[in-house]
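Novice: Coordinates for the following, if possible.
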Amino acid sequence: MKKTDKKKDAKRLLSLIILPYMFVVLLFFYGRDFIKDITADNDSYEIRYQEDVTYADEDGKQEKIDMTGGQKIYMLYRNGDYRGDVDINEFDMLDDDGNTDYRYCALIQEARGFSYTVILCAMITLIMFIVRSLKDGTPFTKANAMRIKAVGILQFCLAIVPGLVVFLMKFFRFSHIRSTFTIDSLYMFIIGFVIMFIGQVFDYGVKLQEDNDLIA
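Specialist: Prediction:
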């Protein structure tokens with residue numbers, strides 16, 4: 001075996017090891033935060049908002065400068081630790097007793113992010129296999145056509161599953177819920193149809209490739 005072939009095999013093996021490792025690490029962090037949200041008390045969470053940012057000018061005087069265009073920035077804290085900016089509309093929902101539940105809302109956000117991550121990881125894995133196959137010769141293979149269609153199906157899942165997870169979690173906890181599907185979901189559906197169309201084009205390319213091989 002030539003040295004160049006050995007290097008290519010080593011690179012391929014390394015990519016197969018690194019990519020799953022990165023996915024596992026990413027899912028680990030999501031899982032860790034999810035467990036912390038489950039074990040924390042509702043009283044551990046707090047929503048703060050910020051309108052102005054104060055700076056000191058050259059003379060040492062304090063001057064308030066509006067950095068948000070009049071919009072309030074809502075921030076979620078758990079046990080005093082900053083968790084990130086949030087949409088207050090996703091955290092002001094009331095249960096049957098008229099109470100809010102910041103902890104459960106944080107769980108909803110984690111579940112949505114986790115579902116996004118799992119689907120995206122599967123899509124990226126399939127795309128990596130497609131890219132690797134391009135180095136071996138023609139891209140028009142049955143395997144690549146199946147992979148592209150699988151990516152299209154996962155794109156549809158990306159448009160549906162996270163929103164469905166959020167809807168179901170809200171449905172079982174809160175008395176009044178808002179729609180979880182947005183215009184972004186529609187865009188994802190359109191992208192899914194485009195990917196499926198590309199899969200059909202690849203199917204046609206596979207047939208042409210097979211015909212050319214028979215003629216040759």
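Novice: distance of L208 from F202?
Specialist: Going from L208 to F202 by CB to CB, to the nearest Å gives 10 Å. In short, each C-beta sits where N, CA and C put it, glycine included.
Novice: ok, for L27, nearest residue in space, not its chain neighbours?
Specialist: Spatially, and ignoring its direct neighbours in sequence, L27 is nearest to T117 (6.4 Å; CB to CB, 6 or more residues apart in numbering).
Novice: Could you check how far that neighbour is from V201?
Specialist: Distance, T117 to V201, by CB to CB: 29 Å.
Novice: just S44 next, same as before
Specialist: Going from S44 to V201 by CB to CB gives 52 Å.
Novice: Of those two, which one has the most company?
Specialist: Using other CB atoms under 10 Å as the criterion, S44 and V201 rank with S44 on top: 17 against 13.
Novice: What number of residues are in the vicinity of the closest residue to that one other than its chain neighbours?
Specialist: Leaving aside its sequence neighbours, S44 sits nearest to N79 (CB to CB, 6+ apart; 4.9 Å). Using other CB under 10 Å, N79 has 12 neighbouring residues.
Novice: repeat for the one 3 residues further on
Specialist: Taking other CB under 10 Å as the criterion, the count of residues near Y82 is 10.
Novice: ditto for I47
Specialist: For I47, the tally of surrounding residues (other CB under 10 Å) stands at 15.
Novice: Could you give the bridge partners of it?
Specialist: I47 has these beta-bridge partners by DSSP bridges: L76.
Novice: For it, give its distance to K36.
Specialist: I47 is 17 Å from K36, where distance means CB to CB.
Novice: still on that earlier bit, which other helices and strands contact whichever helix or strand the residue nearest to L27 is part of?
Specialist: Element membership of T117 [criterion: DSSP states H and E] is helix 102-134. Applying 3 or more CB pairs under 8 Å, 6 or more residues apart in numbering; DSSP states H and E, one finds that helix 102-134 contacts helix 3-39, strand 45-50, strand 73-78, helix 142-171.
Novice: So, low pLDDT: which residues of the chain?
Specialist: Low-confidence segments of the chain (pLDDT under 70): 1-20, 51-71, 136-137, 178-181, 213-216.
Novice: Break it down into its structural domains.
Specialist: Domain ranges of the chain: 3-39+99-215, 45-86, per automatic domain parsing.
Novice: Can you tell me how far the closest residue to Y77 other than its chain neighbours is from R32?
Specialist: Sequence neighbours aside, E46 is the residue nearest to Y77 in space, at 4.6 Å (criterion: CB to CB, 6+ apart). Distance from E46 to R32, counting by CB to CB: 21 Å.
Novice: again, but for M93
Specialist: Distance, M93 to R32, using CB to CB: 25 Å.
Novice: Before I go, just wanted to say thanks for your time.
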